[in-house]
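Visitor: Sequence plus the predicted model coming up.
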Amino acid sequence: MVARDFANTTQDDTVMVPHVTQLPVFDGIGDDECWEEVEWQTLGQVWIPYGEFVLSDDFSGRYKAVWNYDTNLLYLLVEIRDDVLVDGYRPGDDNYPDFDVLEIFIDEDRSGGLHRIDYGDENAENAFSYHIALDFPEVGETTETFAAMDIAGFWERVDYADHFEHFILRRYEHKLVYEMALKVYDDTYDHDNPEASRVQLTPDKIMGFTMAYCDNDDKEAYPPRREKFYGSVWVPEYAYNSHWKNADYFGVMKLIDESGLVSAEDKIASVVPGDFRLMQNYPNPFNSSTTIEYHLPEASNVRLTVYDVTGREVSVLVNERQSGGYHSVSWNASGFATGVYIFKLQAGEFSTTMKSVLIK
């Protein structure tokens, strides 16, 4: 038996995603040069049944990610080993989690917040939670036909397959290899004009990102029923089936360009946003230390403080004038008690807050 726990079977606290110039060939093999130096990230946390042991020959999952500035795409290579494959989902039905479904949760600016179940439209596109359902091909064959189901408001099911510029799945004996290229959109998304909210990927961009897998091992069950659920990040037990709803707890992904091939002008554009933003700290929840990031559209007098739930100021992290652009600061909370803490960013006349959870 293999223990799945957040100590050794989740993705990195911050997944570093390198810029590549040699793009993958979409054949479902995954042996391209661009993947060779990239670390695997693991889908090893058991969300259902929460925290239990799972035989390694029952399920294992992992992924790699790279990006390219010119194509403006995030590339993903995913390997899933599953001893029993159950398909048959039809777009429009509401039971896609009850089949064997790969899930991708992405929040392009790590602004956090509710993705769905807010009974309103204001947060309906705060993030995307793609549930990739398809009919599995025969062993040795491939398919490019799939649905990427999500909820866009008041439980309205939407197929976002067109967010994937490329997609292929190749089936081996009890192993699936996905290769895909994902377009990234921000929270101004308009279903009638999606390209208006497409985001240009740039170095140092930080996104919320989690991958998960719904696993049904009973081919004969009708209606089908999900038996297991795996994720790439640790979640508390109360959130075992609701991670997709709240982008506050998505994992962290950072785009990097160690080659320096992306121009200085592109980098400047990536770190000088059009408005003030306080990003969700990461990791969150955290133990002892966490990182807070924020954006300033112009030079400002900045004060970043920490409050406990009683409203008492417990720490001042920044109190100075800073240039416009991207900034980050770490908070060492080793001397503080477990609980909820609130970060408050003040920059000129702008003010906003963000909640965080310290767990010891």
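Guide: Everything's here; your move.
Visitor: Can you list the residue ranges for strands in the stretch 251-360 of the chain?
Guide: Here the stretch 251-360 of the chain has its strands, by DSSP state E, counting those that start in this stretch, at 252-256, 277-278, 289-296, 300-308, 313-322, 325-332, 339-347, 350-358.
Visitor: In TSV, list the ones you listed along with mean neighbour count.
Guide: C-betas here are computed from N, CA, C, even on glycine. Shown next, in TSV, are the strands of the stretch 251-360 of the chain (neighbours: other CB atoms under 10 Å):
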stretch	mean neighbour count
strand 252-256	21
strand 277-278	20
strand 289-296	20
strand 300-308	17
strand 313-322	13
strand 325-332	15
strand 339-347	19
strand 350-358	16
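Visitor: Would you convert the ones you listed into JSON lines that also reports distance to Asp135 and mean pLDDT?
Guide: Converted to JSON lines, those look like this (distance: least, CB to CB, whole Å; pLDDT from 0 to 100):
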{"stretch": "strand 252-256", "distance to Asp135": "30", "mean pLDDT": "92"}
{"stretch": "strand 277-278", "distance to Asp135": "41", "mean pLDDT": "82"}
{"stretch": "strand 289-296", "distance to Asp135": "42", "mean pLDDT": "85"}
{"stretch": "strand 300-308", "distance to Asp135": "50", "mean pLDDT": "94"}
{"stretch": "strand 313-322", "distance to Asp135": "51", "mean pLDDT": "94"}
{"stretch": "strand 325-332", "distance to Asp135": "44", "mean pLDDT": "86"}
{"stretch": "strand 339-347", "distance to Asp135": "45", "mean pLDDT": "92"}
{"stretch": "strand 350-358", "distance to Asp135": "40", "mean pLDDT": "88"}
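Visitor: okay, the ones you listed in TSV with distance to Phe167 next?
Guide: As requested, the strands of the stretch 251-360 of the chain are exported to TSV (distance: least, CB to CB, whole Å):
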stretch	distance to Phe167
strand 252-256	19
strand 277-278	31
strand 289-296	31
strand 300-308	41
strand 313-322	42
strand 325-332	32
strand 339-347	38
strand 350-358	35
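Visitor: Between these, which one is closest to Tyr213.
Guide: Smallest distance to Tyr213 across the strands of the stretch 251-360 of the chain (CB to CB): 17.8 Å, for strand 252-256.
Visitor: For that closest one, enumerate the helices and strands it packs against.
Guide: Counting contacts by 3 or more CB pairs under 8 Å, 6 or more residues apart in numbering; DSSP states H and E, strand 252-256 is packed against strand 14-18, strand 206-215.
Visitor: chain center to the last one: distance?
Guide: Here the centre of mass of C-alpha atoms in strand 206-215, compared against the chain's by CA atoms, centre = their mean, to the nearest Å, lies 5 Å away.
Visitor: Show me what that strand pairs with in its sheet, parallel or antiparallel.
Guide: Partners of strand 206-215 in the sheet, by DSSP bridges, are strand 101-107 (antiparallel), strand 228-231 (antiparallel), strand 252-256 (antiparallel).
Visitor: could you dump those to TSV with distance to Arg312?
Guide: Converted to TSV, the strands paired with strand 206-215 look like this (distance: least, CB to CB, whole Å):
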stretch	distance to Arg312
strand 101-107	30
strand 228-231	35
strand 252-256	28
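Visitor: Can you say which of these is nearest to Val66?
Guide: Each of the strands paired with strand 206-215 has some distance to Val66 by CB to CB; the shortest is strand 252-256, at 9.4 Å.
Visitor: Which one of the strands paired with strand 206-215 lies nearest to Met211?
Guide: Between these, strand 101-107 lies closest to Met211; by CB to CB that is 5.7 Å.
Visitor: Quick check: next helix or strand after the closest one?
Guide: As assigned by DSSP states H and E, the chain's next helix or strand after strand 101-107 is strand 128-133.
Visitor: How far does the helix or strand following that next one sit from its chain's centre?
Guide: Later in the chain than strand 128-133, the nearest helix or strand by DSSP H and E is strand 142-143. Relative to its parent chain, strand 142-143 has a centroid offset of 25 Å by CA atoms, centre = their mean.
Visitor: buried stuff in the very next helix or strand once past strand 142-143?
Guide: Counting by DSSP H and E, the next helix or strand C-terminal to strand 142-143 is strand 147-151. Burial within strand 147-151, assessed by neighbour count using 16 or more other CB atoms under 10 Å, is assigned to 147-151.
Visitor: Out of those residues, which comes closest to Leu73?
Guide: Nearest to Leu73 among these, with distances taken as CB to CB, is Ala148, at 15.0 Å.
Visitor: what bridges to that closest one?
Guide: Ile132.
Visitor: That one: what's it in contact with?
Guide: Taking CB atoms under 8 Å, 6 or more residues apart in numbering, we find Ala148 in contact with 130-132, 159-161, 163-164.
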